[in-house]
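>>> dropping the sequence and predicted coords here.
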Amino acid sequence: MKTFSFMRRAVSAWLLLLASGLAMAQPAWPSKPVRLVVPYAAGGTTDFAGRQIAQKLTELLGQSFFVENKAGGSGTIGTQVVVRSAPDGGTFLVNDTAYTMLPALFAKLPWDHATDLVPVTTLLQTPVILVVPAASPFKTLQDLLAHARQQPGQLNFGSGGAGSSAHLQAELFNKEAGISLTHVPYKGAGEAMLGLVAGQVDMLISATPTAIPQIRGGKARALAVTGGARLEVLPDVPTFAEAGVKGYAVMNWFGLAAPKGTPPQIVERLQKSVAQALTDPALRARLADQGAQPGGMESAEFARLIRSETQQWSAAARLANIQPQ
């Protein structure tokens, strides 16, 4: 028995030593600059979310986090860059609601939508807001709806591109409101907003951080916002329900995802670091000023959200008669 007890203690000591050695052999993360790939052009809310968190993570973790814009293909080009990146904690995707719409838009994606990316956490969520140019004749949502019903197809709406969140959200608005608007795609949410300000399109459904600066600057007029209550920063803008479209209740989220195979300890540390960053009063105030709420969701919960919304948007695309290409 003594021999057995001695051997057991020796094996336990050896295993402890081995575990310590393995821990010491793994370099601390992050040990090099970390790239956050935004799969859209600069200027939209996804870009805003990425840059806000990159700045705070750089301060918290003592290593540079930087945003790299890889626009095109409804977000698929930038997403594929991340999917193909080494799973070493050096590259992450800044994704958003539009990611859950991709299976409804593409008959075949160049990656496995269910397994090739690991959800890390949410950065923020926002309602969406319907805006028209400042010179628009439409003062209320009912004004716009009355015109659209009298002259179907005459009015148009902008978006950050075919398959973008603004595109499908506007198509869903068409369905809920019983109208028919013509789609005008741009190369990103920022460009779409500039097109609206220039009067190139009649309306735009946008995440609030992209729209609020233009509303405050007098270059766009807000007609309605999603959510159960009005925004504190835009108290005069009614909700869609107040404005007469009760069934329209979409929200946008923005988050981080990692290439498949990224070590779980890196995913966990990044999630906790983002959650910590989002407690910063200055950052929370900056988000609230843009009508946004902080995220920080745990990885497993975020994964459930992505699965649920992928199913919901696939159903919405079928209702809008959008066929995957």
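Received the coordinates, thanks.

>>> all strands of the stretch 151-300 of the chain, in order?
156-159, 182-185, 203-207, 220-225, 251-259, 293-294 (DSSP state E, counting those that start in this stretch).

>>> measure residue 196 to residue 307 for me?
33 Å (Cβ to Cβ, to the nearest Å). For glycine as for every other residue, the C-beta is placed from the backbone atoms N, C-alpha and C.

>>> not counting residues beside it along the chain, what's closest to residue 298?
residue 271 (6.3 Å; Cβ to Cβ, 6 or more residues apart in numbering).

>>> give the contact list for the one you found.
For residue 271, the contacting residues are 120, 121, 296, 298, 299, by Cβ atoms under 8 Å, 6 or more residues apart in numbering.

>>> next one: residue 33
So residue 33 contacts 63, 64, 65, 66, 90 (Cβ under 8 Å, 6+ apart).

>>> spatially nearest residue to residue 263, not counting backbone neighbours?
residue 89 (7.1 Å).

>>> quick revisit: gap between the residue nearest to residue 298 and residue 75?
Distance from residue 271 to residue 75, by Cβ to Cβ: 22 Å.

>>> contact partners for residue 101?
With contact set as Cβ under 8 Å, 6+ apart, residue 101 has these partners: 163, 165, 168, 310, 313, 317.

>>> please redo it, this time with the cut-off set to 7 Å
Contact analysis of residue 101 by Cβ atoms under 7 Å, 6 or more residues apart in numbering lists 163, 165, 168, 313.

>>> quick check: beta-bridge partners of the spatially most central residue of the chain?
When Cα atoms, centre = their mean is applied to the chain, the residue found nearest the centroid is residue 96 (2.1 Å). Beta-bridge partners for residue 96, by DSSP bridges, are residue 254.

>>> per-residue pLDDT, it?
Here, the pLDDT recorded for residue 96 equals 94.

>>> didn't it look like it was pressed against residue 165?
Yes. Assessed by Cβ atoms under 7 Å, residue 96 is found in contact with residue 165 at 6.2 Å.

>>> residues that sit against both of the two, list them.
Taking Cβ under 7 Å, 6+ apart as the criterion, residue 96 and residue 165 both touch residue 252.

>>> neighbours of the closest residue to residue 147 other than its chain neighbours, how many?
Closest residue in space to residue 147, ignoring its immediate chain neighbours: residue 155 at 6.6 Å, by Cβ to Cβ, 6+ apart. By other Cβ atoms under 10 Å, 19 other residues sit near residue 155.

>>> can you tell me how far residue 73 sits from residue 205?
Distance from residue 73 to residue 205, counting by Cβ to Cβ: 21 Å.

>>> quickly list the domain ranges of the protein.
Split into domains by automatic domain parsing, the chain comes to 34-125+253-319, 127-225.
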